[in-house]
Structures are given as C-alpha cells and as structure tokens.
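**Q** here's my sequence, what's the structure:
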Amino acid sequence: MNHLKLDSVKLYLPVGGGSLRDLFTRRRKFDDNSRIVDGDGGRFCKALDGVTLDIRAGERIGLIGVNGAGKSSLLRVLAGIYQPTEGSIDISGRISTLFAPNIGMNEDASGSENIYISARTLGMSRAEIASAKDDIIRFADIGDFIHMPLRTYSAGMKMRLGFAIATAIEPEILLVDEVFGAGDAAFRSRAKARMDDLTKRAGVLVMATHSDGVLRELCSRLLWLDNGRVRFDGDVDEGLTLFKEEARRLQVEALARRNAETRDEAVRAQPQP
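**A** This is a model prediction of the structure:
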C-alpha cells in the first residue's frame, strides 16, 4: 500500500559560502532557535524544521504557505532530490514529479516528440509510450500544436502536456509544484477527474499551489507550512480560513509599524526649540 511517512525531518540548505557537500560530509548540531544557522563550511537555511507527517493511500494533499515557507523543499525531500539533514523518511510507492510544465523537455522538439523524451525520462518503456500516446494527446487537448515546437506553446499548454505525460504511467505517488496556476477551470475539472481516478487506485497526490480553487477542487487535506514547520494539518476550507486570517493580521501589524515609523520620522524632523 502506498504511503509517505516523515518523522522529525529537518533540512538545511546552503545560503552563502557553503555547499550541500559541506553539509553532509561535516555534520554538526545546529542551533535550533534560528532559521539561518552557521554550520561547518558556511551558512545554511533551515528549510524544514521537524516535519512529521503520515500520508496514506488515496489522500490528496495540498501544500500552502508564503514563499520560503518550505513547500518546494518538502516536495523535493519526498522526491528524493534532497536527503533529510536530520530525521527519517519512509516511502512506499513509485514516485512521479511535475515540478515545472516543461522540465526535461526540448523547446525545439514538437509536443509529440516531447512525449517520448519526457516519458522515457520517467522510466516508461517504448511499448508503454506507444500505448499511452493517444491518451496523452487527447488529455493535453492542444490541437495541432502537438506537431509544433514546444517554444511556440503558452504556459498553459506546456502545463497540460506535462501533466498528461506525468499521469500517463499511473503514478502511485504524484508530486506537483505550482503548475496549475496556468490551467483554466475546464482543465482543472478534467485534472480533478484524473486525480480522482488515480486516488481510487490507491494513489497519492501531494501538490503545492497558491490557488484556492485548485486546492478545493483537487485536494482532500491541507498542510500549511510556516518557516519550515507544519502550522496546520486538516480540512481544506478550515486551513484556508486560518491562513487568510493570519495573512490579514500580519498586514495590519505591518501597516501599524509603518505608520509608527512615519510618525517617529515626522517628530525627529521637527525643529528643536
């Protein structure tokens, strides 16, 4: 049965003067009280800070958070691109990723040629590609552009083709990072149907997006990441409400600080008696 399990996972990434090699060959205990920490070989950002998760077959997880909250880092840990600095991760199931609509594609090759290029990258055999090609073209729904170079595609067309390819092999676990923003409502509806069919066959979806509509249409569980930590884990609507309330609170506080700073500057600018 497919599942993803993380136990107290921490991930440190270099931000200046260091490298991932430094990090993994010169391990040391970092200061737990700061997001930016000094390690042997340079400075590092605590991209993930003690993340513990249990994601089971059939779940569709949406990731939210401000830029830099740790969404992409979490997806790349799940994909095996990054190894956790601390903690453990246990994954059961074949993983496919959709981190950019044209990743691994050739801009000068046609859409049809890119189906073969990308599908081979995902590990599909020639026979599997031949069997899936018609379905990929039908789902991508880009018309005669399938015979044209990828560089002539819009962002939405690239995303649709990439999604169609990534899901053609019936991935047991699909990881998606910020690609649905280019999709229209009609495509999202078809993508939801495809995801529903996938999860019914014991698949798992984990995706990051800033779109409330995408989260509500495609996801059954919400994770809110904040400074590398899980701030909320639960119902999609409840999580979005809390996230927006926090965003409004921070905006009000920021405005109050700016007004106070403006008043202080005005007082300092007044002539002294």
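
**Q** in space, what's closest to the spatially most central residue of the chain - neighbours in sequence excluded?
**A** Nearest residue to the geometric centre of the chain (C-alpha atoms, centre = their mean): D177, 3.1 Å. Nearest in space to D177, with sequence neighbours left out and distances taken as C-beta to C-beta, 6 or more residues apart in numbering, is F99 at 4.5 Å. Where you see a C-beta, it was placed from the backbone N, CA and C, and this is true even at glycine.

**Q** quick check: S118 vs L161, distance?
**A** Distance, S118 to L161, using C-beta to C-beta, to the nearest Å: 8 Å.

**Q** now F232: which helix or strand?
**A** strand 229-234 (DSSP states H and E).

**Q** can you give me the angle whichever strand or helix holds R263 makes with strand 229-234?
**A** Assigned by DSSP H and E, R263 falls within helix 236-269. Here helix 236-269 runs at 140 degrees with respect to strand 229-234, directions being taken by axes from the mean of the first three to the mean of the last three C-alpha atoms, to 10 degrees.

**Q** which neighbouring elements make contact with helix 236-269?
**A** strand 60-64, helix 212-218, strand 221-226, strand 229-234 (3 or more C-beta pairs under 8 Å, 6 or more residues apart in numbering; DSSP states H and E).

**Q** would you map the helices across this protein?
**A** Counting by DSSP state H, one finds helices in the chain at the ranges 20-25, 71-79, 111-121, 126-140, 155-166, 185-200, 212-218, 236-269.

**Q** could I get these in JSON lines, plus columns for mean pLDDT, distance to L63 and mean neighbour count?
**A** Listed next are the helices of the chain as JSON lines, based on pLDDT from 0 to 100; distance: least, C-beta to C-beta, whole Å; neighbours: other C-beta atoms under 10 Å:
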{"stretch": "helix 20-25", "mean pLDDT": "50", "distance to L63": "23", "mean neighbour count": "14"}
{"stretch": "helix 71-79", "mean pLDDT": "94", "distance to L63": "4", "mean neighbour count": "22"}
{"stretch": "helix 111-121", "mean pLDDT": "91", "distance to L63": "24", "mean neighbour count": "19"}
{"stretch": "helix 126-140", "mean pLDDT": "93", "distance to L63": "24", "mean neighbour count": "15"}
{"stretch": "helix 155-166", "mean pLDDT": "86", "distance to L63": "17", "mean neighbour count": "23"}
{"stretch": "helix 185-200", "mean pLDDT": "77", "distance to L63": "15", "mean neighbour count": "15"}
{"stretch": "helix 212-218", "mean pLDDT": "86", "distance to L63": "9", "mean neighbour count": "18"}
{"stretch": "helix 236-269", "mean pLDDT": "89", "distance to L63": "10", "mean neighbour count": "11"}
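
**Q** and R221, what does it touch?
**A** 59-62, 233-236 (C-beta atoms under 8 Å, 6 or more residues apart in numbering).

**Q** which one (most neighbours) among these?
**A** Among the contacts of R221, G62 has the most neighbours (other C-beta atoms under 10 Å), with 26 neighbours.

**Q** residues in contact with that one?
**A** Neighbours of G62 in contact, by C-beta under 8 Å, 6+ apart: 207-209, 214-215, 218-219, 221-223, 236.

**Q** just curious, which of these is nearest to A69?
**A** A208 (9.5 Å; C-beta to C-beta).

**Q** once you drop chain neighbours, what's closest to R151?
**A** R151 sits nearest to E107 (C-beta to C-beta, 6+ apart), 4.3 Å away.

**Q** pretty sure the one you found contacts P149?
**A** Yes: judged on C-beta atoms under 8 Å, E107 makes contact with P149 at a distance of 6.7 Å.

**Q** got any ranges where the stretch 1-150 of the chain has weak pLDDT?
**A** 16-34, 38-41, 100-103 (pLDDT under 70).
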